[in-house]
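Participant: Here is a sequence with its predicted model. Questions after.
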Amino acid sequence: MPAVSKGDGMRGLAVFISDIRNCKSKEAEIKRINKELANIRSKFKGDKALDGYSKKKYVCKLLFIFLLGHDIDFGHMEAVNLLSSNKYTEKQIGYLFISVLVNSNSELIRLINNAIKNDLASRNPTFMCLALHCIANVGSREMGEAFAADIPRILVAGDSMDSVKQSAALCLLRLYKASPDLVPMGEWTARVVHLLNDQHMGVVTAAVSLITCLCKKNPDDFKTCISLAVSRLSRIVSSASTDLQDYTYYFVPAPWLSVKLLRLLQCYPPPEDAAVKGRLVECLETVLNKAQEPPKSKKVQHSNAKNAILFETISLIIHYDSEPNLLVRACNQLGQFLQHRETNLRYLALESMCTLASSEFSHEAVKTHIDTVINALKTERDVSVRQRAADLLYAMCDRSNAKQIVSEMLRYLETADYAIREEIVLKVAILAEKYAVDYSWYVDTILNLIRIAGDYVSEEVWYRVLQIVTNRDDVQGYAAKTVFEALQAPACHENMVKVGGYILGEFGNLIAGDPRSSPPVQFSLLHSKFHLCSVATRALLLSTYIKFINLFPETKATIQGVLRAGSQLRNADVELQQRAVEYLTLSSVASTDVLATVLEEMPPFPERESSILAKLKRKKGPGAGSALDDSRRDPSSNDINGGVEPTPSTVSTPSPSADLLGLRAAPPPAAPPATSGAGNLLVDVFSDGPAAQPSLGPTPEEAFLSELEPPAPESPMALLADPAPAADPGPEDIGPPIPEADELLNKFVCKNNGVLFENQLLQIGVKSEFRQNLGRMYLFYGNKTSVQFQNFSPTVVHPGDLQTQLAVQTKRVAAQVDGGAQVQQVLNIECLRDFLTPPLLSVRFRYGGAPQSLTLKLPVTINKFFQPTEMAAQDFFQRWKQLSLPQQEAQKIFKANHPMDAEVTKAKLLGFGSALLDNVDPNPENFVGAGIIQTKALQVGCLLRLEPNAQAQMYRLTLRTSKEPVSRHLCELLAQQF
C-alpha cells in the first residue's frame, strides 16, 4: 500500500471533527453539521473546478456525518468521480464512500461497475485490491453478476500479485456465500487448489477459506486438495517458531492457517492413500505431543493459539473415528482440561468428550473421568458448563454405571437451574429405561422424578412408565404398592396423581389384601386428591373409580354416591358431567359380567419407538444426533419394552377434524406437534405440501360457509374447556401495539401466510383464507424456550367501533405452552361492513414467573374481502367514468422502495385481491385491476390503475371506489407494498 504523504492529512476534516467533539449539546452538533452540509453543497454546486483533494475532503466529511447518524442525500456523484483519480488516497475515499452509502438499487451502480472494471483491468495491484474490496463490501447480486466470471481469472492468473490473489480469493468467497449460483465452476477450480502450495502464506490462508466453502457443495471437484492440505499442514506443524517469523503468533507458527487446514480436512473422509494418511496421522500425533510440552510463554495469547489447534485436531480425530490410539490420547488430553482453571477450556473439553463417548474406541477412556464430571455437575458456577457435564454423563452412561449416573442426576435435579430441568428429566427417564436391570428400580426412578421435578415431567415420561408397567406382569404389584405409598405424601404433584390413578385402577387389586391398602383406603386416598386437581386429572380419576367398582364390588355404593353428587352430575365441565352420568348409569344398569367385560384390564401396548428420545433430540436441536444416539458403541442395549406412548383408557381420542392443517406428527396422546428447533417452530405450517394445506380449498360456497363453523375440539374435555368464544378485553385493558406493529401488518397485506412476530421467547405464525365476506385464520404460537409458558392467554380486541364492522370468533387455547411446543388458535371472521382499523391481538403469559405481554395488529385488512372481477375494456372505462366524483378517487405518487420488477408487481396486485385486466390500458407497462369488497351490509366496487415509471423510479397509483374512506384506505395500503 502506498505511503500517505504529509499533505494528505486533510486539516479541514480534522478541524470539523474537533468542532463536533467540542459541541456541548445535541442541538449545537446539529447546527454545526447543517452549516457544514450547506457549505459542502455550495462547493459541489458552485465551483465546478474542485480539485481531487477538495473532493476527497468534502466526501470524507459527508461520510463522517453519515456515521454520526445523519442522512446524506448528495455527494454520491462526487464520490464516483473520485474513482477515476490516479491518486491512491482519493480513490480509496471514493471506494469507502460507495461501500458505506451506495446501495445496489442506486442509479449510479452502472458508473461504479465501469470504474471497478477499469481498475481490475489496470494491472495496478493497489487499484485492483481497492476494487475487489469494494465488490466484497457491497456484495450485492448485481455486483456478483457483473464480476463473478472475472474474479476467478484474476485469482489463478500467473502474473497476479500475492496481495491481489488474497483479495480475489476473499472477494470470491463473499460473492459465493451471498449468491452461490453466480459463481461458475470451471477449469479454474483445479488451479485454485494448487494455491495451497503457494509460497505466500497469506494467499494460502485465503485460498483455504475459499476451498472449504466451495467443497461443501462440490466435494468431488476439490478432492485433490486433501494431499496438498496434509502436506502444507505437515510443514507448519513440524516447523520451528523461527521458520515462519511473519506468521508466528506468540511462538505458535501460523495458528489460523493450521485451524483452517484442519477444518478443510473435516469435509472429507480419511485419505485413501496410505502415504498421505500416514503423514496426516504423524501431524496429529505431533500436535498432541506439543500439547504436553511446557508453554513457551505465560501470555494468554500463546495458550489460546496452541489450544485452538489442539481442539481442531481433536475434532478431526473424532471426525475420522478410525484411529483408536489417537482417540484415546485425545480423551486423555481432554481429561486434563476438565480441571483447568479456565472456564472456556473446561466447557470445550466437556463438549468434545460428549462426542468421544459415542465412539467404541474411546468410550471406556471417557468413563474413567466420571468422578471429575460428577464433581463438575455439582460445583461449577457457570450453568452452561453444568449443562455440558450433564450431557457428558448422559453420553458416557452404560449398564455398568447407569445407577450411579442416574442417582447423581436425580440429586442434582433438586437444585438444578430451571432452564435445564426438563432436559435432565428427559435424560434420566431415557437412561432409567434403557439400562434398567430390574423394573422396580425403573419405577422408583420415574416416581422420584415426578416427586422432585413434577412440573418438568412431560406427558411422554409418565405415559411411558404406564406402558412399561402395563406390559410387565412382574412389576405391576410393586408399582401399585410404590405409587400408593407416594400418594400418601401431604404434598403430591398432580402427575403423581395421574400415574397413581391409572396404576391403582388397573392393578390396585394386587395390593388390596393388605389392610393398610384395602379398597376403601385406596379410594379414599385418591378421592382426597380429587378436588385439588385439574379437569383432565379429575376425568382420569372418574375412570379409575368405575374401574374400582369392577375390581372391588364393596366400594360400589360409595363410588356411586360420589358419581351421583350434584357437583358431578351438574358439573359445569361437560367432560366431567358426561363421564359421571355415563359411569353412574353403567354401574347401575350393567350386569357383573358386562361390567367385567367393559372394564377389563388394559391389554399390553404394541411395541413402538419411544417418544421420549425424540423429544430430547428436538430440545437439543438437529445437530444433537451423535451425542444422543450411542447405538454404535453399545449395540446390545435395548429399551425395556420397545417404545410406545401408552394410550390410557382415560385419555380421550381427538376427532379427525381437529387436525385441520395436518400438523400432528404422531397419534395422540403425544406431545404437541414436533418442531425442528426453537429458532424454526412454524416451518411445518408453511410448507407447500398437501398435508399443510387447510381444508378451505376451492369448494362451492355452501361448503365454505359450513367449514367456517368452529373446528371440532380435540376431545370432549377440550370442547368443555371452551363452551363459548373467548371474551374480548376492552382496548383500555391492554397496552398499545408494539412499535413495529404497522410494519408487521404491512407484510401481510398481499399475503395470507407467514410469521407475524418473533422474538427470543415467542413465535407467532399466521395461516388464513378468505372467501367473500368470510374468513378463517389459524394462529400458531410457538414457545422457543425450554421453559413452560404459564397463564398463556391470547385475545382479540376490537378498538373503537370495529365491533360493529368486523365479527371475530376465537377459540381458547391451553393456558400452558410447554417449552419447544406449539399451540393453535382458530379465528372465524365475518366482515359486517367496511372498516379502516384492524383488530388487535393481545398475548399475555408468564415466563419464569415474570409477566409478559405484547399487542400486535391482527393481519385482517379490508382488502382481504376482495372478490376479483373480470371485465372487458369497454365495461372498465364505463365504470371508471361513473366513479368520477372527486371524493370517490384516491391518488398517490410515490418513490419505489423496492426493485421495480413487473412480475413481482403483478404478484403483489394479485395478492392484494384484485383481478388484473389485460389489454385495457393503452400503455402495456401499466397495471389495471378490478374487484368488489364483500361485506355483509353492502358491496363496494373498486377499480385501480398503477403506472410505474422505471426511469424515475416512481409509481402513480389511482383507486376509485363508491365509498370515499375505502378509496383512501386501499390506496394507502397498496402504496406501502411498492
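Facilitator: Now that the structure is in, tell me what you want to look at. Predicted, not measured: the structure shown is a model, and the values here were computed from it.
Participant: residues making contact with stretch 293-302?
Facilitator: With Cβ atoms under 8 Å, 6 or more residues apart in numbering as the test, stretch 293-302 has contacts from 241, 249-252, 303, 306. For glycine as for every other residue, the C-beta is placed from the backbone atoms N, C-alpha and C.
Participant: Tell me how many other residues crowd Ala190.
Facilitator: Taking other Cβ atoms under 10 Å as the neighbour definition, Ala190 ends up with a count of 12.
Participant: In contact with it, which residues are there?
Facilitator: 221, 224.
Participant: how close does it get to Val276?
Facilitator: As for Ala190, its distance to Val276 is 18 Å (criterion: Cβ to Cβ, to the nearest Å).
Participant: same question, Pro948
Facilitator: Taken as Cβ to Cβ, the span from Pro948 to Val276 is 60 Å.
Participant: Look at those two and report which has more neighbours.
Facilitator: Regarding Pro948 and Val276, a neighbour count based on other Cβ under 10 Å identifies Pro948 as having more, with 21 against 18.
Participant: Phi and psi next, for Pro794.
Facilitator: phi -90, psi 130 (degrees, to the nearest 10).
Participant: Do I have it right that Asn783 meets Ala814?
Facilitator: No - counting by Cβ atoms under 8 Å, Asn783 sits too far from Ala814 to count as a contact (11.1 Å).
Participant: And the helix or strand where Ala207 lies, what does it pack against?
Facilitator: Element membership of Ala207, judged by DSSP states H and E, is helix 201-215. Contacts defined by 3 or more Cβ pairs under 8 Å, 6 or more residues apart in numbering; DSSP states H and E place helix 201-215 against helix 162-178, helix 188-193, helix 225-238, helix 255-265.
Participant: and the last one, average pLDDT?
Facilitator: Spelled out, it's helix 255-265. The pLDDT scores in helix 255-265 average 92.
Participant: which strands and helices sit next to the next helix or strand after that helix?
Facilitator: Using DSSP H and E, the helix or strand that follows helix 255-265 towards the C-terminus is helix 274-292. For helix 274-292, the packing partners by 3+ Cβ pairs under 8 Å, 6+ apart come out as helix 225-238, helix 300-320, helix 324-337.
Participant: Am I right that Ile764 sits in a helix?
Facilitator: No - Ile764: not assigned to a helix; according to DSSP: H, G, I helix; E, B strand; the rest coil it is strand.
Participant: Okay, and the beta partners of it?
Facilitator: Phe757, Tyr781 (DSSP bridges).
Participant: is it true that it touches Leu779?
Facilitator: Yes - between Ile764 and Leu779 a contact is recorded at 6.4 Å, counting by Cβ under 8 Å.
Participant: and the gap between Gly186 and Arg153?
Facilitator: From Gly186 to Arg153 the distance is 10 Å (Cβ to Cβ).
Participant: Ok, Ala479 next?
Facilitator: In terms of Cβ to Cβ, Ala479 sits 74 Å off from Arg153.
Participant: okay, those two: which has more neighbours?
Facilitator: Ala479 (30 against 13).
Participant: Now the helix or strand the more buried one falls within: buried residues?
Facilitator: Secondary structure from DSSP H and E places Ala479 in helix 473-487. By 16 or more other Cβ atoms under 10 Å, the buried positions in helix 473-487 come out as 475-476, 478-484, 486-487.
Participant: which secondary structure elements does that helix contact?
Facilitator: Looks like helix 473-487 contacts helix 439-453, helix 459-471, helix 494-507, helix 519-530 (3+ Cβ pairs under 8 Å, 6+ apart).
Participant: how far off helix 494-507 does the longest one point, in degrees?
Facilitator: In terms of direction (axes from the mean of the first three to the mean of the last three Cα atoms, to 10 degrees), helix 439-453 departs from helix 494-507 by 150 degrees.
Participant: State the pLDDT value of Thr585.
Facilitator: Thr585 is given a pLDDT of 90.
Participant: Please name the residues that touch Ser167.
Facilitator: Per Cβ under 8 Å, 6+ apart, neighbours of Ser167: 128-129, 132-133, 136, 206.
Participant: Asn897: which of the helices and strands packed on helix 473-487 is closest?
Facilitator: helix 459-471 (48.1 Å; Cβ to Cβ).
Participant: Show me what the closest one is packed against.
Facilitator: Checking 3+ Cβ pairs under 8 Å, 6+ apart, helix 459-471 ends up next to helix 418-434, helix 439-453, helix 473-487, helix 494-507, helix 611-620.
Participant: So which of the ones you listed is the most surrounded?
Facilitator: Highest mean neighbour count among the helices and strands packed on helix 459-471 (mean count of other Cβ atoms under 10 Å): helix 494-507, with a mean of 25.
Participant: which outside residues touch that one?
Facilitator: Residues contacting helix 494-507 (Cβ under 8 Å, 6+ apart): 447, 450-451, 454, 457, 462, 465-466, 469-470, 476-477, 479-480, 483-484, 486-487, 522, 526, 529, 532-534, 537, 540-541, 543-544, 547-548, 551, 601-602, 648, 650.
Participant: redo that, cut-off 6 Å
Facilitator: Helix 494-507 is contacted from outside by 450, 454, 457, 462, 466, 476, 479-480, 483, 486-487, 522, 529, 533, 537, 540-541, 544, 547, 601-602, 648, using Cβ atoms under 6 Å, 6 or more residues apart in numbering.
Participant: how close does Arg451 get to Phe927?
Facilitator: The value you get for Arg451 to Phe927, if Cβ to Cβ is used, is 67 Å.
Participant: rewinding a little: as TSV, the helices and strands packed on helix 473-487 with mean pLDDT and distance to Lys299 would be great.
Facilitator: Converted to TSV, the helices and strands packed on helix 473-487 look like this (pLDDT from 0 to 100; distance: least, Cβ to Cβ, whole Å):
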stretch	mean pLDDT	distance to Lys299
helix 439-453	87	45
helix 459-471	85	50
helix 494-507	91	54
helix 519-530	91	64
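Participant: Of those helices, which is nearest Phe770?
Facilitator: helix 459-471 (36.0 Å).
Participant: Any idea how far that closest one is from the middle of the chain?
Facilitator: 31 Å (Cα atoms, centre = their mean, to the nearest Å).
Participant: just stretch 923-934 next, same as before
Facilitator: The answer for stretch 923-934 is 38 Å, by Cα atoms, centre = their mean.
Participant: can you list contacts of it?
Facilitator: With Cβ under 6 Å, 6+ apart as the criterion, stretch 923-934 contacts 772-773, 865-869, 871, 909, 913-917, 920-921, 939-947.
Participant: mind checking the backbone torsions on Glu323?
Facilitator: The phi/psi pair for Glu323 (degrees, to the nearest 10) is phi -120, psi 90.
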